[in-house]
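Student: Just a sequence and a predicted model for now, questions to come.
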Amino acid sequence: MITDHNSINWKKIFYFKNIILNLVGVALITLALKGFMIPNKFLDGGIIGIAILVHEITKWPFGILVLVFNIPFLFIGKQMLGKTFAIQSFLTFLLIALSMTFFNVAPVTSDPLLIALFGGCLIGVGMGLCIRSGSTADGVEIIALLTTKKIGLNVSEVIFAMNTLLFLAAAYSFGISTALYSIVTYFSAIKSLDYISHGLEQYTSLHIISSKSELIKSLIVQKLGKGITIIKGERGYLPDNFDIKKDCDIIVTVVTRLELLRIKEEISKLDPHAFMFIQYIKEASGGILRNGNKHS
């Protein structure tokens, strides 16, 4: 019974946290759009950018446009990512539409560089918080996932192609200067979204091959407090001595990018000739990911 009670409490905390993240995310998106971008005709990428463009040309209400443009992709999202995701995303779209319609925010600045940087950062952080709450604030990623399956391009390539067309339309409608600043806004938003959705401590997989593998194992585990995995491999196969080979341990450890430089420096002190390569990973859980923080 205690376990069930604790489980229910954790679920309530989880749902409450997601609601707070979503509300804060929508508030930041509204501030970015009303306080920085729309009054100065600056675009973001994706469906929100299309809605801004259509709003400026037709003067139709932005809140209604962003809701109407996003709804068709909820059906795609339901099939690809599940009913819960579709419902949560619909609520996010609805909140954005309502906040854009009924809340007044005075323009913060007319300086184009400040608009591009701060407007982009705010909308990026807002979208990142919405993603962390289990929804999306823009249907463009759903479109990109669908298009990727159809034509074989990756998601970033599809989004880049779509936004290129959008910014060309902005250049035609509002002028080259506004379109160029909109591109700065977009990249500012993307970087902020990346930090929020993936975290400042993005995990990195470090692979080490060294003749002093035992010393390096001890260094990583005992001194640096990180977990390791050992892959049995072979080293050698050089062009001049292809037949010469010997067994070796490939040491794998997962670290944050903030820890990476120190670990590489410590390994290089032990073995300046150690071979290391890095793979960036989206997410990691379990094991020992931070010093003093063990996950079973």
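Tutor: Happy to help now that I have it.
Student: Is there a neighbour count for the closest residue to A137 other than its chain neighbours? I'd like the number.
Tutor: In this structure, A137 finds its nearest non-sequential neighbour in C130, 4.3 Å apart by CB to CB, 6 or more residues apart in numbering. Using the backbone N, CA and C atoms, a C-beta is placed for each residue, glycine as well. Here the neighbour count serves as a burial measure; for C130 (other CB atoms under 10 Å) it reads 31.
Student: C130: what's it in contact with?
Tutor: Shown in contact with C130 (CB atoms under 8 Å, 6 or more residues apart in numbering): 21-22, 25-26, 29, 92, 136-137.
Student: and with 7 Å instead?
Tutor: Residues counted as contacts of C130 (CB atoms under 7 Å, 6 or more residues apart in numbering) are 22, 25, 92, 136-137.
Student: Quick one, grab the pLDDT at I288.
Tutor: As predicted, I288 sits at a pLDDT of 58.
Student: swap that for L43, sorry
Tutor: Predicted confidence (pLDDT) at L43: the value is 85.
Student: What of S210?
Tutor: Turning to S210, the model gives it a pLDDT of 91.
Student: So it is in contact with K217, correct?
Tutor: No: taking CB atoms under 7 Å as the definition, S210 is not a contact partner of K217, at 9.7 Å.
Student: Between the two, which is the more surrounded one?
Tutor: S210 (22 against 17).
Student: Return the backbone torsion pair for the more buried one.
Tutor: As for S210, its main-chain torsions (degrees, to the nearest 10) stand at phi -150, psi 150.
Student: on that earlier part again, would you double-check that the residue nearest to A137 falls in a helix?
Tutor: Yes: with the criterion set as DSSP: H, G, I helix; E, B strand; the rest coil, the secondary structure at C130 is a helix.
Student: Low-confidence ranges, the stretch 151-296 of the chain, go.
Tutor: Low-confidence segments of the stretch 151-296 of the chain, defined by pLDDT under 70, span residues 151-158, 197-202, 258, 282-296.
Student: hey, where'd the helices end up in it?
Tutor: With DSSP state H, counting those that start in this stretch applied, the stretch 151-296 of the chain shows helices at 155-174, 176-198, 213-218, 257-270, listed in chain order.
Student: Let me see the domain layout of the chain.
Tutor: The domain map for the chain lists 10-198, 203-280, with the assignment taken from the TED database.
Student: so which of these is the most packed in?
Tutor: The highest mean neighbour count among those belongs to domain 10-198 (a mean of 19), with neighbours defined as mean count of other CB atoms under 10 Å.
Student: Is T109 located within a strand, as I assumed?
Tutor: No: counting by three-state DSSP, T109 is not found in a strand; it is coil.
Student: From what I see, it and A116 are in contact.
Tutor: No: no contact is recorded between T109 and A116 when judged using CB under 7 Å, the distance being 10.7 Å.
Student: between the helix or strand where G126 lies and helix 176-198, how many degrees?
Tutor: G126 is located in helix 120-132, with elements delineated by DSSP states H and E. Counting by axes from the mean of the first three to the mean of the last three CA atoms, to 10 degrees, helix 120-132 lies at 40 degrees to helix 176-198.
Student: avg pLDDT for helix 120-132?
Tutor: Mean pLDDT, taken over the full extent of helix 120-132, equals 89.
Student: Find the nearest non-adjacent residue to I190, please.
Tutor: On the basis of CB to CB, 6+ apart, the spatially nearest residue to I190 that is not a chain neighbour turns out to be G124, at 6.4 Å.
Student: residues in contact with L260?
Tutor: Contacts of L260 (CB under 7 Å, 6+ apart): 204, 206.
Student: do you know how far it is from K269?
Tutor: Using CB to CB, to the nearest Å, L260 is found at 15 Å from K269.
Student: now swap in G49 and tell me
Tutor: Looking at G49 against K269, where the rule is CB to CB, the gap reads 49 Å.
Student: How about L28?
Tutor: In this structure, L28 lies at 44 Å from K269, with CB to CB as the measure.
Student: Surely L31 and V105 touch.
Tutor: Yes: the pair L31 and V105 qualifies as a contact (CB under 7 Å) at a distance of 6.0 Å.
Student: ok, back up a step: would you confirm that the residue nearest to I190 contacts S192?
Tutor: Yes: with contact taken as CB under 7 Å, G124 and S192 are classed as touching, separated by 2.9 Å.
Student: Point me to the helix or strand that includes I96.
Tutor: Using DSSP H and E, the element containing I96 is helix 83-102.
Student: any idea of the angle that helix forms with helix 120-132?
Tutor: 140 degrees.
Student: Need the mean per-residue confidence for helix 83-102.
Tutor: Per-residue pLDDT values across helix 83-102 average out to 90.
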